[in-house]
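>>> Next comes the sequence, and after it the predicted model I'd like to discuss.
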Amino acid sequence: MGEVFDLFIKSYGIVGLVIISPVIAVVYLWRENQELHKQLREQAEAHAQRVDELGQRVVAAQEKRVDDSHKITTQLVEMISEHTGAQKETNLALDRIGDMVSMLSVQQSGGGRTRTGS
């Protein structure tokens with residue numbers, strides 16, 4: 001490259017430098033552009049990996065949220081089932097007590113008439 005440059009200067013002089021300077025600038029800029037593209041590709045790959053990692057974290061957090069909500073829902077259903085069973089037993093006991101009270105009240109009201117009637 002140096003020999004070509006020297007030959008060009010000897011052949012054309014200062015005018016040759018003016019003529020060749022855009023070509024040299026284009027080659028220099030092209031190399032710099034290639035280096036910048038390489039850096040941009042590397043940065044894009046690094047950012048893509050980071051985005052993938054963050055996406056995996058989000059997915060893991062969402063899966064944990066779903067699991068937690070499933071556990072809570074299961075516990076809530078169990079508690080409601082236990083409450084419903086206890087409520088049924090309470091209702092049955094109250095019905096029996098009501099029946100006993102009405103039987104006692106019928107016996108007392110019927111028994112009181114026989115006592116006063118005799």
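Ah, there it is. Here the structure is a predicted model, which means the values were calculated and not measured.
>>> Quick check: mean pLDDT of the host helix or strand of residue 84?
Residue 84 belongs to helix 2-117 when assigned by DSSP states H and E. The average of the pLDDT scores along helix 2-117 is 88.
>>> residues in contact with the residue sitting nearest the centre point of the chain?
Closest to where the C-alpha atoms of the chain average out (C-alpha atoms, centre = their mean) is residue 62, at 3.5 Å. Residues counted as contacts of residue 62 (C-beta atoms under 8 Å, 6 or more residues apart in numbering): none. C-betas here are computed from N, CA, C, even on glycine.
>>> and what of the one 5 residues further on?
For residue 67, the contact set (C-beta under 8 Å, 6+ apart) is empty.
>>> now it: how far from residue 74?
Here residue 67 is placed at a distance of 11 Å from residue 74 (C-beta to C-beta, to the nearest Å).
>>> now swap in residue 106 and tell me
From residue 106 across to residue 74, the span is 48 Å (C-beta to C-beta).
>>> Could you do residue 5 as well?
Distance of residue 5 to residue 74, computed by C-beta to C-beta: 81 Å.
>>> Other residues contacting stretch 27-40?
Outside stretch 27-40, no residue touches it (C-beta under 8 Å, 6+ apart).
>>> Would you mind extracting the C-alpha trace of it into PDB?
Extracted in PDB, the C-alpha atoms of stretch 27-40 (Å, rounded to 0.1, in the frame of the first residue of the first chain):
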ATOM      1  CA  VAL A  27     -11.700   3.100   2.800                       C
ATOM      2  CA  TYR A  28     -11.100   4.400   6.300                       C
ATOM      3  CA  LEU A  29     -14.800   5.200   6.900                       C
ATOM      4  CA  TRP A  30     -15.800   1.800   5.500                       C
ATOM      5  CA  ARG A  31     -13.500   0.000   8.000                       C
ATOM      6  CA  GLU A  32     -14.800   2.100  10.900                       C
ATOM      7  CA  ASN A  33     -18.400   1.400   9.800                       C
ATOM      8  CA  GLN A  34     -17.600  -2.300   9.800                       C
ATOM      9  CA  GLU A  35     -16.200  -2.100  13.300                       C
ATOM     10  CA  LEU A  36     -19.300  -0.100  14.500                       C
ATOM     11  CA  HIS A  37     -21.600  -2.700  13.000                       C
ATOM     12  CA  LYS A  38     -19.700  -5.500  14.700                       C
ATOM     13  CA  GLN A  39     -20.000  -3.700  18.100                       C
ATOM     14  CA  LEU A  40     -23.700  -3.100  17.500                       C
END
